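Visitor: 3D, please:
(chains A and B)
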Amino acid sequence: MNISQTSLALQNLARRTFRTYSLLLAIAIVSGAIFSTSTLMWGVNNSLSKGLSKFGADLLVVPKGSMISMKSALLTGEPSLFYMEGGIMEKIAAIKGVKSVSPQLFLTSVDGNCCVMGNAFIIGFNPKTDFTVLPWLEDKKERPFQMDDVIVGAANSYNVGDTVFFYGQNLTVYGKLGRTGVGLYDNAIFMNIEKAYSMAEASHTLPGVAQLKLVRGHVSAVLVQTEVGSKLPFISFTISKDPDVKVITAGNIITSVRQNLVTLFGSTLVLSFVLILANALMISAIFSTIVNERKRELGILRAIGASKMSIFKLIVSEAAMLTSMGGALGVFLGIVIMRVYQRTIIFNLKELNMPYLWPAPFAVIMLASLAIVAAVVVGVAGAFYPALQGSRLQPYDAIRAGE
Amino acid sequence: MTTMIDINDVWKIYDVGGEKIEALRSVNLQIENGSFISIVGHSGSGKTTLLSILGGLTKPSRGSVKIDGTDIWNLNDRQLSAMRNRKIGFIFQFSSLIPTLRAIDNVALPVIYANGGGKTDRKATYEYAAELLSTLGLGHKLQSFPSELSGGQQRRVSIARAFINRPAIIVADEPTGDLDAQSESEVMEFFSRINEQDKTTFLLVTHNLALARMTDKVHTMKDGMINQNNGGSPA
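Guide: All right, here's what the predicted structure looks like:
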């Protein structure tokens, strides 16, 4: 191998293997923690923005006292049951600036019922007024949606064309939604709201079928779409005049999730930044030692023609190489750990009402690059002063050092 | 003949714990291009300090040093580094090899700083490095690390390194210090050959009077001052 400034730096790193590996590991731990934390936060945010953009509704009206249950249902897909009079829809539709309203009715399948997975979250919707389900079908049959059809979220194991059995009714899987990371859309099974009412009524007469108690005309939530340029706070305020309902905005949901996000990851991030600072100080101390150890060599390099800048670059490039390798190792370890524990991670996030969608490969590459760049910046910052000291050594004084 | 090195009223004063130590006192010396001279003197006489000042390694307290007409202490760091790289070859009185590099890499090392780190003919450099090491009897040690070489072999590697950029001046501080009599004689023959062939200027600093006598002119240093002698023997 022909000698170069880069190979010289690499050979210097290989000189003290224990010190180099220890430093590498310390940097890997910090950059791995930063990468993992930012990837998880990105995943939650990504899921929220993607899911809520698919949600399509500007406002969500639910019965008073069910706001927390609704948020939980929306974010995690855990079944929540609450009802109100459907007449509220007409009142909302009459408010100036409201473009359309569409009802949703929540019910669950019953555990132990024949041929049905227990506690599936079933949502009745009105295909004629819907603007939040049908537009997001990723896969569907080549025909219009019919009364005995259901649409399944991406997390369901059913495929288009499968038959599902709820409360004595055979239903066909008409389509499947794209994955959003928002529980309600990924886990629920959507059916025509009229079918849900008739299924409930039929369950009382069919032998051997669990009874589904629903009141025709009741709804669980009303989704509201407003006209472009309309004043959302005004509409929300007008709806809220009804004492029996509560209004949820997309902003409410994002805020509550982000609060959880900050609680969960805030301390990790703070710790990571403290570790970054500690790493920078450690690198600074170690490179000061390195410069001191190699005083004579630096003097010799100066004597054979290295400028101050060459010496500075040599020391800084050693730090940059070391920290970029440490950063890459940290990212690799972060990916491995997140993949190995992905089920646990997603389960724990859901427990905290945080939807999660793995970031797209491009986003992962970007976050990985940022983590590595951050590690390099820390390395360069840490080595900056020692490199400056090394470059400022008087050549002959440095050569005679240790004589 | 033109003047290659022109040292004019050079002083070097060290401040040691508040006490002023005059290591060099008004040194004046002109060395012609292609000269082969030596400086002898007792330890502490200032000869190594003089060598480091004319080699661009230590800044004088006063006076000027011109190399090939250029006042080197008026150059900026980049220019001075380039001057050291291209015009001056250093041979130090102690081991000056980089321990992580093989012998041939140590010899080729100055080339990475040639042309401001720009493009150089690496193949030709390595061929010349191998040739130099072979000439100095180390053709079988090209791939050895310094720790695998004896003191004398390390010295010969650093001698080879001084010649890699074909400098106009070689400054050598006790260049044969670790060598046995035969190696010393071979090295001096090598110096003479290069001096004659390439008209390289040699400036040797040594305690060894026998070695000094092999040069064309001997200067003596005492108490930071230099005495010029005409012959090949010191005063």
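Visitor: any stretches of chain A with poor pLDDT?
Guide: Residues of chain A that meet the criterion pLDDT under 70 lie in A:1-2, A:49-56, A:75-77, A:110-118, A:180-181, A:252, A:254-261, A:264, A:350-355, A:402-403.
Visitor: swap that for chain B, sorry
Guide: B:1, B:115-120, B:228-235.
Visitor: what helix or strand is the closest residue to chain B within the stretch 201-350 of chain A on?
Guide: Using Cβ to the nearest Cβ, A:G305 is the residue of the stretch 201-350 of chain A that sits closest to chain B, at 2.5 Å. Yep, even glycine has a C-beta here, placed from its N, CA and C like the rest. Following DSSP states H and E, there is no helix or strand that holds A:G305.
Visitor: the helices in chain B, which residues?
Guide: B:47-54, B:77-87, B:103-108, B:122-135, B:151-163, B:181-198, B:209-213 (DSSP state H).
Visitor: deepest-packed of those helices, please.
Guide: Counting by mean count of other Cβ atoms under 10 Å in any protein chain shown, helix B:103-108 has the highest mean neighbour count of the helices of chain B, with a mean of 27.
Visitor: give the other helices and strands that that helix contacts.
Guide: On a contact count with 3 or more Cβ pairs under 8 Å, 6 or more residues apart in numbering or on different chains; DSSP states H and E, helix B:103-108 meets helix B:122-135, helix B:151-163.
Visitor: centroid residue for chain A?
Guide: Taking Cα atoms, centre = their mean, the centroid of chain A lies closest to A:G43, which sits 1.7 Å from it.
Visitor: ditto for chain B
Guide: B:V171 (1.8 Å).
Visitor: surely B:I67 touches B:M4?
Guide: Yes - contact criterion Cβ atoms under 8 Å: B:I67 and B:M4 qualify, at 6.8 Å.
Visitor: once you drop chain neighbours, what's closest to the closest residue to chain A within chain B?
Guide: Proximity to chain A, evaluated over chain B using Cβ to the nearest Cβ, is greatest for B:N85 at 2.5 Å. Distances taken as Cβ to Cβ, 6 or more residues apart in numbering or on different chains put A:G305 closest to B:N85, at 2.5 Å, once the chain neighbours are dropped.
Visitor: on that earlier part again, quick check: the residue nearest to the centre of chain A touching A:L367?
Guide: No - if you go by Cβ under 8 Å, A:G43 and A:L367 don't touch, sitting 10.0 Å apart.
Visitor: overlap of the contact sets of the two?
Guide: A:P359 (Cβ atoms under 8 Å, 6 or more residues apart in numbering or on different chains).
Visitor: can you pull the contacts of the residue nearest to B:N85?
Guide: Applying Cβ under 8 Å, 6+ apart, the residues contacting A:G305 are B:81-82, B:84-86, B:110, B:113-114, B:165.
Visitor: out of those residues, the closest to A:S272 would be?
Guide: Nearest to A:S272, judged by Cβ to Cβ, of the contacts of A:G305 is B:Y113 at 39.6 Å.
Visitor: okay, now that closest one: neighbour count?
Guide: Using other Cβ atoms under 10 Å in any protein chain shown, B:Y113 has 24 other residues around it.
Visitor: how about the contacts made by it?
Guide: Contact analysis of B:Y113 by Cβ under 8 Å, 6+ apart lists A:301, A:304-307, A:310, B:81, B:85.
Visitor: straight-line length of stretch A:109-121, end to end?
Guide: 7 Å (Cα to Cα, to the nearest Å).
Visitor: so what's the closest residue to B:N227 other than its chain neighbours bridging to?
Guide: Closest residue to B:N227 apart from its sequence neighbours, by Cβ to Cβ, 6+ apart: B:T220 at 4.7 Å. Beta-bridge pairing for B:T220 (DSSP bridges): B:V40, B:N227.
Visitor: does B:T220 touch B:H207 like I think?
Guide: No - using Cβ under 8 Å, B:T220 makes no contact with B:H207, being 11.8 Å away.
Visitor: the two - which one has more neighbours?
Guide: Legend: neighbour count by other Cβ under 10 Å for B:T220 and B:H207, higher for B:T220 (19 against 14).
Visitor: how close does the more buried one sit to B:A210?
Guide: Noted for B:T220: a distance of 15 Å to B:A210, by Cβ to Cβ, to the nearest Å.
Visitor: ok, B:F90 next?
Guide: B:F90 sits 23 Å away from B:A210, going by Cβ to Cβ.
Visitor: all strands of the stretch 51-200 of chain A, in order?
Guide: Secondary structure of the stretch 51-200 of chain A by DSSP state E, counting those that start in this stretch: the strands cover A:59-63, A:84-85, A:98-108, A:121-125, A:137-140, A:149-152, A:163-166, A:169-177, A:189-192.
Visitor: and chain B, which residues reach chain A?
Guide: Chain B has residues B:52, B:55, B:57-59, B:77-78, B:81-82, B:84-86, B:90, B:92, B:94, B:96, B:98-101, B:105, B:108-114, B:117, B:122, B:126, B:161, B:165 near chain A, with proximity defined as Cβ under 8 Å from any Cβ of the partner chain.
Visitor: and if we set it to 7 Å?
Guide: When proximity is defined as Cβ under 7 Å from any Cβ of the partner chain, chain B approaches chain A at B:52, B:57-58, B:77-78, B:81-82, B:84-85, B:90, B:92, B:94, B:96, B:98, B:100-101, B:105, B:108-110, B:112-114, B:117, B:122, B:126.
Visitor: so which residues on the stretch 301-403 of chain A come close to chain B?
Guide: A:303-308, A:310, A:394-396, A:399, A:403.
Visitor: for those, which one is nearest A:S47?
Guide: The closest of those to A:S47 turns out to be A:S310 (Cβ to Cβ; 49.4 Å).
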